[in-house]
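J.: fold the following.
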Amino acid sequence: MQVQIRKATAEDAGAIMALIRELALFELEPDAVITSEEVLIRDGFGPAPHFHCLLAVSEGQVIGMSFCYIRYSTWKGKRLYLEDLIVTEAWRGRGVGSLLFDDTLALARVLGCNAVCWQVLDWNTPAIEFYKAKGGWVKNGWLDMQLELE
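T.: Numbers count the residues shown, from 1 in each chain. Have a look, this model is predicted:
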């Protein structure tokens, strides 16, 4: 298995969207995706990108991604927020997620972040175990909240 991790470019927007849709289907929210390739290109690949995206590629095909951005904690300072880590179903269990996660940690260090934060669904036991094996832990006592803007 030859897998390479590289930074995404605007030309990868279609592959990124395909992974986003695959993740939404896996998380039982296939109709929740409202972004588009155009939005990804505008927001991620212009002069002031809002996110970073690392891709796992094998034989020219995108097989996974790490999608993240900087957040700032008033208590802790600069942190990298890992929005999504996904590996296509056919490639799961082959170490691709580990490569992506390790390169995401390296990116956080390069960007001067002091931590990486993320969420995981409480029913996604394989992901929880993966992150625990990497040294992650569940932050108890905090509940996610959200308000959609129209």
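J.: what strands line up against the longest strand anywhere in the chain, and which way round?
T.: Taking DSSP state E as the criterion, the chain has its longest strand at strand 61-73. Strand pairing for strand 61-73, determined by DSSP bridges: strand 52-58 (antiparallel), strand 77-87 (antiparallel).
J.: buried stuff in stretch 29-42?
T.: Buried residues in stretch 29-42, counting neighbours by 16 or more other Cβ atoms under 10 Å, are found at L40, I41. All C-beta spots, glycine's among them, are computed from the backbone N, C-alpha and C.
J.: what residue ranges in this protein score low on pLDDT?
T.: 1 (pLDDT under 70).
J.: swap the cut-off to 90 and go again
T.: 1, 121-122, 138-150 (pLDDT under 90).
J.: distance of Q2 from Q61?
T.: Noted for Q2: a distance of 11 Å to Q61, by Cβ to Cβ, to the nearest Å.
J.: that older thread, would you turn the strands paired with strand 61-73 into CSV with mean neighbour count?
T.: Formatted as CSV, the strands paired with strand 61-73 follow (neighbours: other Cβ atoms under 10 Å):
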stretch, mean neighbour count
strand 52-58, 21
strand 77-87, 19
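J.: can you add distance to F45 and give those strands back as JSON lines?
T.: Shown next, in JSON lines, are the strands paired with strand 61-73 (distance: least, Cβ to Cβ, whole Å):
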{"stretch": "strand 52-58", "distance to F45": "9"}
{"stretch": "strand 77-87", "distance to F45": "16"}
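J.: hmm, who's touching stretch 111-127?
T.: Contacting residues not belonging to stretch 111-127 are listed as 27, 52, 68, 70-71, 76-83, 85, 104-105, 108, 128, 131, 136, 144 [Cβ atoms under 8 Å, 6 or more residues apart in numbering].
J.: what's the span of that stretch, first residue to last?
T.: 25 Å (Cα to Cα, to the nearest Å).
J.: now do stretch 75-82: distance to the chain's middle.
T.: Counting by Cα atoms, centre = their mean, to the nearest Å, stretch 75-82 is centred 15 Å from the centre of its parent chain.
J.: which stretches of the chain form helices?
T.: For the chain, the helices defined by DSSP state H cover 13-26, 37-44, 96-110, 125-133.
J.: list the contacts for L107?
T.: L107 sits next to H52, L54, C68, L80 when contact means Cβ under 8 Å, 6+ apart.
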